[in-house]
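Visitor: what follows is a predicted structure for the sequence shown.
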Amino acid sequence: MASSRSRVRRIGGGLTAPFRALRDRWRRWSRWRRALLVLLLVAAVPVTALGSLFVSIRLHYTGEPAAEARTRGRDAVWLGHAWVDGRKTEADVEALARQLSGTGVRDLYVHTGPLEHDGSLPPAVHPRARWFTDTAHRALPGVRLQGWLGDEVKPERDALDLEDAPTRERVAASVGQVLDQGFDGVHIDMEPIHPGSAGWPALLDRVRPVTAARGAKLSVAAPQIDPVPGLHTAGILLTGHGKWWDQAYFAETARRVDQIAVMTYDTSMPTEPLYGGYVAQQTELALRATPADVDLLIGLPFYWDDKWGHWGDAETVEAAVRGVRLGLGREDLRRPNFGVALYVDFASTPENWAAYRRGWVDVR
């Protein structure tokens, strides 16, 4: 028995020897050397987590899109302010009709604002709105025209206050004003809304009866969804900027509208595969959060920029379309009320349109 205990002690001592050596070495180090090691270990945790996130996002870009993952004829385009302020002519509308012919575009978000910070909309901002709706309805039968309204919001900007009930009333009146100009709906883009804001769903609850009474559509632009849970909270704490929404707040918004378009660009993704994987992940998250009777659109970048938030070589139409198709195929391949939204007409190129047609419309 004694020999057995002695053998166990020898084995145990052999197993713990490396840890005792590390302990002794740690004790011999200076206080500054110990502090440096702790800092390096602490710094390694977020770096490792970020690397794992990038790997996860990249994996979303793998595989082949299903042939059925293509346009359902419910796509949209954001159009700039020139269409309602007098800069565009009937020839421009005819050219737009030719450009949209044979695509899946059903909705045009026509910039009719911006709203004043108190929620009102001066008529002088859109002097040719009625001309545009009359002309476009003739040239583009079957295409819905939505007045695009928006503003920056508090608390991140010293601008429109969604928490203020009189401001929400004025926004609702502005929506009615836009519908009086012959639009088939209104598309609201308020940025940056922090998730949890009570004023945003309250605004939608106030506006929805206005659009419903006219038989018009209520559409909104929405931020991206947290790629990892809680990222929106960390982002606001670290930067003060509301970049993402949590999935629950996205769902709360989607339940209150007829259509929701995710602004899936300006992602800071540095390569095409990472950007495409990010779009695929966003597509899957948004599909899970959007009710079946609500139109869901995924925004594509129809513009070039090259800065920290948007790397032009990475955020391509090709990568975005492939990501959308992969995400749709994995999550809800046969969903009928799904599309892509193209941002924005005045910055788009023929190559953007060709990539959209090739990757999403003319799929074989």
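Guide: Sure, I can see it. Owing to the predicted nature of the structure, the values given are computational and were not obtained by experimental measurement.
Visitor: the residue nearest the centre of the chain: what's it in contact with?
Guide: The centre of the chain sits closest to residue 263, judged by C-alpha atoms, centre = their mean, with a distance of 3.0 Å. If you count contacts by C-beta atoms under 8 Å, 6 or more residues apart in numbering, residue 263 has them with 221, 222, 223, 224, 299, 343. Quick note: C-beta positions are derived from backbone N, CA and C, even for glycine.
Visitor: nearest to residue 363, of these?
Guide: Nearest to residue 363 out of the contacts of residue 263 is residue 299 (C-beta to C-beta; 19.5 Å).
Visitor: just to be sure, the closest one is in a helix?
Guide: No - if the criterion is DSSP: H, G, I helix; E, B strand; the rest coil, then residue 299 is strand and not within a helix.
Visitor: count of neighbours near it?
Guide: Neighbour count for residue 299, taken as other C-beta atoms under 10 Å: 25.
Visitor: my guess is it meets residue 265, correct?
Guide: Yes - with contact defined as C-beta atoms under 8 Å, residue 299 reaches residue 265; the gap is 5.9 Å.
Visitor: before we move on, back to that, CSV for the contacts of residue 263, including secondary structure, distance to residue 322 and pLDDT?
Guide: Below are these laid out as CSV (DSSP: H, G, I helix; E, B strand; the rest coil; distance: C-beta to C-beta, whole Å; pLDDT from 0 to 100):
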residue, secondary structure, distance to residue 322, pLDDT
221, strand, 23, 98
222, strand, 22, 98
223, coil, 22, 97
224, strand, 18, 97
299, strand, 15, 98
343, strand, 18, 98
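Visitor: what are the buried residues along the helix or strand residue 276 falls within?
Guide: Using DSSP states H and E, residue 276 falls within helix 272-289. Within helix 272-289, the residues scored as buried using 16 or more other C-beta atoms under 10 Å are 272-287, 289.
Visitor: packing partners for that helix?
Guide: helix 31-59, strand 224-225, helix 247-254, strand 259-262, strand 295-301, helix 317-331 (3 or more C-beta pairs under 8 Å, 6 or more residues apart in numbering; DSSP states H and E).
Visitor: angle of it against helix 247-254?
Guide: Angle, helix 272-289 to helix 247-254, by axes from the mean of the first three to the mean of the last three C-alpha atoms, to 10 degrees: 60 degrees.
Visitor: mind checking the SS state of residue 157?
Guide: Looking at residue 157 with three-state DSSP, the answer is coil.
Visitor: what do you get for residue 340?
Guide: Residue 340 is classified as strand under three-state DSSP.
Visitor: before we move on, back to that, overlap of the contact sets of residue 299 and residue 265?
Guide: residue 343.
Visitor: now the helices for the stretch 101-250 of the chain?
Guide: 129-139, 165-179, 199-213, 231-239, 247-254 (DSSP state H, counting those that start in this stretch).
Visitor: quick one: average pLDDT of the third one?
Guide: Per-region confidence: helix 199-213 scores 98 on mean pLDDT.
Visitor: could you do the last one as well?
Guide: If you average the pLDDT over helix 247-254, you get 97.
Visitor: tilt between it and strand 295-301?
Guide: Helix 247-254 and strand 295-301 are oriented at 110 degrees to each other (the same axes, to 10 degrees).
Visitor: what pLDDT does the residue lying closest to residue 214 once chain neighbours are set aside get?
Guide: Closest residue to residue 214 apart from its sequence neighbours, by C-beta to C-beta, 6 or more residues apart in numbering: residue 179 at 5.1 Å. What the model reports for residue 179 is a pLDDT of 98.
Visitor: the one 3 residues further on too?
Guide: Looking at residue 182, its pLDDT is 98.
Visitor: against residue 215, how distant is it?
Guide: According to C-beta to C-beta, to the nearest Å, residue 182 and residue 215 sit 13 Å apart.
Visitor: just residue 256 next, same as before
Guide: Per C-beta to C-beta, residue 256 is found 18 Å from residue 215.
Visitor: quick one: which of the two has more around it?
Guide: Neighbour count, other C-beta under 10 Å: between residue 256 and residue 215, residue 256 has more, with 18 against 9.
Visitor: I'd say that one and residue 205 touch.
Guide: Yes - between residue 256 and residue 205 there is a contact under C-beta under 8 Å: 6.4 Å.
Visitor: surely residue 136 is in contact with residue 144?
Guide: No - assessed by C-beta under 8 Å, residue 136 is found out of contact with residue 144, at 10.1 Å.
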